[in-house]
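J.: A predicted structure for the sequence below; I have some questions about it.
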Amino acid sequence: MYKENSLAQNRPDPGPMLAPGPSTACLAALLGALLCLPLAAAADAADSLENEPARLHLRGFGTLGLTRSSADGADFVRDLSQPRGTSGGNWSSRVDSVLGLQANWQATDQLEAVVQGVTRYRYDQTYQPELTWAYLKYDPTPSLSLRAGRLGTNFFMLADSRLVGYSYLAVRPSVDYFTSLPFSHVDGVDGSFTFPLGPGLGKVQAFSGRMHGSLALGDQQWQMGGSSMYGGHLDYLQGPWTLRAGYAHLRFGQNLPIDPVVNGLRASGVPSAAAAADALGTQDKDSEFYSLGALYESGPLQAQLMLNRIRQQSAAFQDSRAGTLLAGYRIGQFTPYAGYSWQKSTPKSLTTGLPPGLLNAAVNSILADSRSHQHTVTLGLRWDFRTNMDLKLQYDAVRGSSDSIFPTRRDTPGWNGRTDVISIVTDFIF
């Protein structure tokens, strides 16, 4: 998989029209943003580095893909950062296509600057390039590493390389498992320490930061500014095994964009309705993420197992559990793989004390929006047809209850919780 400072490591639309892809202008803007700082520094230091190994490394990654979902009642999406996906048997490029560039500037043996940007379909229905990483890394000792700036959210195993399709065996990270992690970065600090542990190595990492940006909620956007997050994880590496236990605590900085409902409940003058309004609030409410993961890679065989549990303080979100199991076996250039994943939430209820009507219906709709109860069977084939490039064909059979709408977008009363998804993608790094 791709690591935080190296892209060279590898572990192996509306209507019937194709959704638009990233534009040349977007990519050019992204390239300019990535090159400005490191190239200026490179010019200043060119003379002194003449006889030294190159300290500036520019790399890139991308996925060009088409995805088709058979269901009419809801859009299949990669994660909840996407406001629209694919449905009704139409092919779309918006679900998995992404382009990214990364610059690493090794200022000294101990100090490194890393900048990464991507363009992909995002919450505002554009392909506007965004800065996903931008940090300074300082290694005072070989076992201690400190970072400050914009960091990836990697407390879930493999979350740090979610956008780099080449680093994944399958077309995309498990939708069931990663649905509840739509945000990919925080602005803050982290530190990690590696140490001998029995016959292997242990690594502990802790982070703290604040979030920015927005998430799409129907036709509206939920502002994440002011939200804070802290947490960490413990890794154990021994032979072909990598194990991880992670935890993260998120405190939301703003309420959901449901003011008409909340204001109506409070204006009713009924105490239980006012209490329901408070319960639906998210500002200063907490979410806790617990996760366990195991990776195994030996020769042609690779496998992964990950589990998570998420607790929500706000009544607007249901507590949930999820898991994913994926395994593949490489035969020459080809790696057939199969997987199973699932997610299930626990429904919540609120009593408003109001007679049946629009307000009660709106409250029930909000409570139902975060319902998930589904599983997915995955079959796929990866073909590494040339160096740093692959081609993948994947089939996902999503089977859930009709009220499982949290993992989808634009659900309608006709949604029955079932869809068959076919994906064809090519991944590359350069």
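T.: Looks like it came in fine.
J.: neighbours of the nearest residue to Gln238 once chain neighbours are set aside, how many?
T.: Take Gln238 and drop its neighbours on the chain: the residue closest to it by C-beta to C-beta, 6 or more residues apart in numbering is Gly200, 2.9 Å away. (Each C-beta comes from the backbone N, C-alpha and C, glycine too.) By other C-beta atoms under 10 Å, the residues close to Gly200 number 14.
J.: how about stretch 138-152: buried residues?
T.: 139, 145, 147, 149-152 (16 or more other C-beta atoms under 10 Å).
J.: check which helices and strands whatever helix or strand Asp278 lives in is in contact with.
T.: Under the criterion of DSSP states H and E, Asp278 resides in helix 271-280. Using 3 or more C-beta pairs under 8 Å, 6 or more residues apart in numbering; DSSP states H and E, the elements in contact with helix 271-280 are helix 259-267, helix 358-368.
J.: so the longest one versus helix 259-267, what angle?
T.: Put plainly, it is helix 358-368. Counting by axes from the mean of the first three to the mean of the last three C-alpha atoms, to 10 degrees, helix 358-368 lies at 120 degrees to helix 259-267.
J.: before we move on, back to that, now render the helices and strands packed on helix 271-280 as CSV, adding mean neighbour count and mean pLDDT.
T.: Output for those, formatted as CSV (neighbours: other C-beta atoms under 10 Å; pLDDT from 0 to 100):
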stretch, mean neighbour count, mean pLDDT
helix 259-267, 16, 93
helix 358-368, 16, 92
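J.: could I get those as CSV with distance to His57?
T.: Listed next are the helices and strands packed on helix 271-280 as CSV, based on distance: least, C-beta to C-beta, whole Å:
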stretch, distance to His57
helix 259-267, 48
helix 358-368, 47
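J.: figure out which of these is closest to Leu243.
T.: Across the helices and strands packed on helix 271-280, the minimum distance to Leu243, taken as C-beta to C-beta, is reached by helix 358-368, at 36.3 Å.
J.: which SSE is immediately downstream of that closest one?
T.: Downstream of helix 358-368 (by DSSP H and E), the next one is strand 373-386.
J.: quick one: contacts for Leu379?
T.: Taking C-beta atoms under 8 Å, 6 or more residues apart in numbering, we find Leu379 in contact with 337-338, 394-395.
J.: related to what we said a few turns ago, what bridges to the residue nearest to Gln238?
T.: With DSSP bridges as the criterion, Gly200 is bridged to Leu197.
J.: grab the nearest non-local neighbour of Ala316.
T.: Closest residue in space to Ala316, ignoring its immediate chain neighbours: Leu280 at 5.0 Å, by C-beta to C-beta, 6+ apart.
J.: so that neighbour touches Pro260, yeah?
T.: No: under the criterion of C-beta atoms under 8 Å, Leu280 makes no contact with Pro260, lying 11.9 Å away.
J.: ok, His212 to Thr132 distance?
T.: Noted for His212: a distance of 12 Å to Thr132, by C-beta to C-beta, to the nearest Å.
J.: counting neighbours around each, name which of these two comes out higher.
T.: Thr132 (19 against 16).
J.: ok but the more buried one is inside a strand, no?
T.: Yes: according to DSSP: H, G, I helix; E, B strand; the rest coil, Thr132 belongs to a strand.
J.: contact partners for it?
T.: Contact analysis of Thr132 by C-beta under 8 Å, 6+ apart lists 100, 116-118, 150, 152, 163, 184-185.
J.: from the residues you listed, which has minimum pLDDT?
T.: Lowest pLDDT within these is found at Ser184 (82).
J.: quick one on the thing from earlier: make TSV from the buried residues of stretch 138-152 and add secondary structure and distance to Thr179 to it.
T.: Output for the buried residues of stretch 138-152, formatted as TSV (DSSP: H, G, I helix; E, B strand; the rest coil; distance: C-beta to C-beta, whole Å):
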residue	secondary structure	distance to Thr179
Asp139	strand	35
Ser145	strand	30
Arg147	strand	27
Gly149	strand	27
Arg150	strand	23
Leu151	strand	22
Gly152	strand	18
